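S.K.: structure of the sequence below:
(chains A and B)
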Protein chains: 2
Amino acid sequence: MNQNRGVSRRKFMGGVATALTYVGMKPAIELVGAPAQRTARPAGYVKISNNENPYGPSEGVREAMTKAFEESHMYIGSNGIMNAIAEHHGLETNNILLGAGSTETLKTIDDAFLQGGGNIIGVEPTYETTYRYLTNTHAEGNIIPLTSDYRHDLHAMAHAVNFDTRFIYICNPNNPTGTIVSDADIKELLDSIPENMIVVIDEAYHHFVEDPAYSSAIKYVKEGRNVIVTRTFSKVYGIAGLRLGYGIAKLELISRMRPFNLGSINVIAKSAGVRALAEPETAARVIQLNNSIKKRVMGQLGDLGYEVIPSETNFFMVGIGRDIDPVRRAFRERNVEIGRRFPPMTEHLRISVGTETEMDRFMEVWNEVMGPADSQADGA
Amino acid sequence: MNQNRGVSRRKFMGGVATALTYVGMKPAIELVGAPAQRTARPAGYVKISNNENPYGPSEGVREAMTKAFEESHMYIGSNGIMNAIAEHHGLETNNILLGAGSTETLKTIDDAFLQGGGNIIGVEPTYETTYRYLTNTHAEGNIIPLTSDYRHDLHAMAHAVNFDTRFIYICNPNNPTGTIVSDADIKELLDSIPENMIVVIDEAYHHFVEDPAYSSAIKYVKEGRNVIVTRTFSKVYGIAGLRLGYGIAKLELISRMRPFNLGSINVIAKSAGVRALAEPETAARVIQLNNSIKKRVMGQLGDLGYEVIPSETNFFMVGIGRDIDPVRRAFRERNVEIGRRFPPMTEHLRISVGTETEMDRFMEVWNEVMGPADSQADGA
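M.R.: Numbers count the residues shown, from 1 in each chain, chains lettered A, B, ... in the order given. I've put the predicted structure just below:
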């Protein structure tokens, strides 16, 4: 159950590949609640590979960004973001550490807690940023496989804790599987491991979850536990390119992280974040659109006989029973970019949820690439 | 001459204080070559404490930023910035490492080359970011005093190199003194130290230099030497709040730095940077304005009998022959924010060059705070 091995050989794969390889093309933009200028893009091009919000920033967020131009020559501006985040969660500002996306927060966690090595416990596949920076400190990943239903095996993770373990990493919901760890399971884990063991819970996709068994782990921070929650403005708030995220933890942990944090956030991102938090209706609309479009497409693929992994996020995985690479290439040839490989799940495609129009095009290409619906329903 | 000591006790002073303590107030904005909306600010408030460009981004840069809103929901956009920087310097993109301001580049250099400790050689006072991150890796600063004319003592720096030295840091021109190291002296240093010793040359204020003895060290990168040059868009390009900078070095050094770099730059900053490089006339106008206003004010203070340190930057230091703190307070009470303490130069004020109007107000307050011109001319 428990496979111990270093992950340094994956230094330039995984997270780095996700972040750097999809350059230049633009998805359709349909603004939520606000008409605005569209960008030119190749006719019919659909990018549903990177779990991006396809709607972009709202009109209100654009106004806030434009206003921030007036502060763009100064080192400090819009620090209202700290208060806005703290108020949003009912926390103090000293429980918050800003980062350039949750990427920086995860890097900061590695740098702060893995000085001198040690190991962390996580699953595979999951969001690799935490693993990507391990080698900087010569730490190792203690990687636990997912369960047969593609979930975190919390018992195996708790069992894998050893004297060199610095923290446990849980992406909840998990990227790329879209699965969740229930609140009851999180609580059981926290109660079963050594009290001073740090648990990092990456809630990048938090907003999309509908399963009532799920709950944010921020309440465990409030209880004073050794839990660090990471959040991002990239997903539901639609400003991934602005690089804004944050960590939430008790002051003692934030203080250990702060010296390793850059503290260098773009003023336009900060202003956009303040405004985004003041527009819960925009987030609600993105969530509603995402979840209804996702269910329709997942239903269509299920009806065709494919294994669709239940998803609580803005993406989902579909099993095709064979290696995904030729299929990805066939989609790309038709100007539809879908998710990359997530070893060891090399027979599952990860599909990000785009706009209604983009997903119609995706299904068109699916039928073209994967063959007629009838034969699939029999054969898949 | 050569005082060896660790700087870890200054972890939360220096650079951190500069970056974090001047919150919220806005300077006058007079756009260069472009009329635009002004922000509200307390009447008469002047912030000439942080070496910020007082003119803000040009109309062209604002247009580029607005256009980038269309990419702000995506992870990758405007990577034209790498080509733009490389072309600007006649280098390859693999000689460039982007950072969130030169701050991130300097932190990356510390993280990459100080794993396991060692020491770096630098002067005092200088830009402290490099020292600020030393303690993360338990490295030490080997700090050399400035010469009596407030310049880097390159002979003492070369002499201080020992087996644990990982790199030499030179801020050129130097912040806060505004002094330069001549090109001949840089070359002599490079020729006298071990060939594999890394020299980091921070050229944040490069554009303002007029002294013909000065030259950028980028040519030494091109010669294949172990030189890393850092640059920023914060100063002459007026987008400090956007956090965009870069390091320039040979591929071998960039490759060692890259794993420690976040690689997470805001798309609006990248777009602004591309546009800024395409507008050399804006930079030229900022330089011309800065240098002419600077010379006038330095001349006025010199005429009053004060010691004004010759400056090749967008700030200058003036000696007042007594501790600066009461004077700084008196300026602050009159809504003029001037530079902080830079130990051990506790009797020199650092004045950033603001707009014409701001500097007129500064001189008004100077005369009010420092007493009548006549008595100073006699007494200083």
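S.K.: what values do phi and psi take at residue A:231?
M.R.: Backbone torsions for residue A:231, taken as degrees, to the nearest 10, come to phi -130, psi 160.
S.K.: nope, residue A:305 is what I was after
M.R.: Backbone torsions of residue A:305, given as degrees, to the nearest 10, read phi 100, psi 10.
S.K.: cool, and the one 4 residues further on?
M.R.: Recorded main-chain torsions at residue A:309 are phi -80, psi 130, according to degrees, to the nearest 10.
S.K.: against residue A:54, how distant is it?
M.R.: Here residue A:309 is placed at a distance of 21 Å from residue A:54 (Cβ to Cβ, to the nearest Å). (Each C-beta comes from the backbone N, C-alpha and C, glycine too.)
S.K.: higher neighbour count, these two?
M.R.: For residue A:309 versus residue A:54, the count of surrounding residues by other Cβ atoms under 10 Å in any protein chain shown is larger for residue A:54: 28 against 19.
S.K.: check what pLDDT the more buried one gets.
M.R.: Here the pLDDT value assigned to residue A:54 is 96.
S.K.: what sits against residue A:119?
M.R.: For residue A:119, the contact set (Cβ atoms under 8 Å, 6 or more residues apart in numbering or on different chains) comprises A:139, A:140, A:141, A:142, A:162, A:164, A:165, A:166.
S.K.: for the strand or helix carrying residue A:143, C-alpha coordinates in PDB please.
M.R.: According to DSSP states H and E, residue A:143 maps onto strand A:140-145. Once non-C-alpha atoms are left out, strand A:140-145 reads as follows in PDB (Å, rounded to 0.1, in the frame of the first residue of the first chain):
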ATOM      1  CA  GLU A 140      11.700  13.400  -0.200                       C
ATOM      2  CA  GLY A 141       8.100  12.500  -1.100                       C
ATOM      3  CA  ASN A 142       6.500   9.600   0.600                       C
ATOM      4  CA  ILE A 143       3.800   8.900  -2.000                       C
ATOM      5  CA  ILE A 144       0.700   6.900  -1.300                       C
ATOM      6  CA  PRO A 145      -1.400   5.500  -4.200                       C
END
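S.K.: need the next SSE after it, C-terminal direction.
M.R.: Moving toward the C-terminus from strand A:140-145, the first helix or strand encountered (DSSP H and E) is helix A:154-160.
S.K.: for that next one, the distance to its chain's centre please.
M.R.: The gap between where helix A:154-160 is centred and where its chain is centred comes out at 23 Å by Cα atoms, centre = their mean, to the nearest Å.
S.K.: what's it in contact with?
M.R.: Identification of contacts with helix A:154-160 by Cβ under 8 Å, 6+ apart yields A:1-2, A:4, A:121-123, A:142, A:144, A:168, A:170, A:181, A:185-186, A:188-189, A:192-193.
S.K.: what about it, average pLDDT?
M.R.: When pLDDT is averaged along helix A:154-160, the result is 97.
S.K.: given the next helix-or-strand element following it, what are its sheet partners and their directions?
M.R.: Past helix A:154-160, heading to the C-terminal end, the next element that is a helix or strand (DSSP H and E) is strand A:165-171. According to DSSP bridges, strand A:165-171 forms sheet pairs with strand A:119-124 (parallel), strand A:198-202 (parallel).
S.K.: could you dump those strands to CSV with mean pLDDT?
M.R.: Supplementary listing: these in CSV, determined by pLDDT from 0 to 100:
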stretch, mean pLDDT
strand A:119-124, 97
strand A:198-202, 98
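S.K.: which among these is found nearest to residue A:100?
M.R.: With Cβ to Cβ, the closest approach to residue A:100 among those belongs to strand A:198-202: 15.4 Å.
S.K.: which residues does residue A:171 contact?
M.R.: The neighbours of residue A:171, taking Cβ under 8 Å, 6+ apart as the test, are A:123, A:126, A:127, A:202, A:204.
S.K.: show me the contacts for the fourth one.
M.R.: Right, residue A:202. Taking Cβ under 8 Å, 6+ apart, we find residue A:202 in contact with A:102, A:106, A:127, A:130, A:169, A:170, A:171, A:172, A:229, A:230.
S.K.: these two touch, right, the fourth one and residue A:121?
M.R.: No: in this structure, residue A:130 sits apart from residue A:121 without contact. The criterion is Cβ atoms under 8 Å, and the distance is 10.5 Å.
S.K.: are there residues contacting both of the two? Which ones?
M.R.: With Cβ under 8 Å, 6+ apart, residue A:130 and residue A:121 have common neighbours residue A:169.
S.K.: pLDDT weak spots in the stretch 1-150 of chain A?
M.R.: Applying pLDDT under 70 to the stretch 1-150 of chain A flags the ranges A:1-42, A:78.
S.K.: strands of that one, start to end?
M.R.: Ranges of strands within the stretch 1-150 of chain A are A:3-4, A:46-48, A:96-99, A:119-124, A:140-145, based on DSSP state E, counting those that start in this stretch.
S.K.: how close does residue A:227 get to chain B?
M.R.: 24 Å (Cβ to the nearest Cβ, to the nearest Å).
S.K.: can you count the residues close to residue A:58?
M.R.: Burial of residue A:58 is recorded as 26 neighbouring residues (other Cβ under 10 Å).
S.K.: need the contact list for the residue of the stretch 101-250 of chain A found nearest chain B.
M.R.: Using Cβ to the nearest Cβ, the closest approach of the stretch 101-250 of chain A to chain B is made by residue A:241 at 3.6 Å. Taking Cβ under 8 Å, 6+ apart as the definition of contact, the neighbours of residue A:241 are B:68, B:71, B:72, B:73, B:74, B:75, B:76, B:77, B:266, B:267, B:268.
S.K.: what subset of the residues you listed is also close to chain A?
M.R.: Residues shared between the contacts of residue A:241 and the neighbourhood of chain A are B:68, B:71, B:72, B:73, B:74, B:75, B:76, B:77, B:266, B:267, B:268 [Cβ under 8 Å from any Cβ of the partner chain].
S.K.: which residues sit against the longest helix seen in chain A?
M.R.: Taking DSSP state H as the assignment, the helix of chain A that covers the most residues is helix A:280-303. By Cβ under 8 Å, 6+ apart, the residues outside helix A:280-303 that reach it are A:32-33, A:53, A:55, A:58, A:60-61, A:207-208, A:210, A:236-238, A:276, A:308, A:311, A:314, A:316, A:318, A:351, A:353-356, A:359, A:362-363, A:366, A:377.
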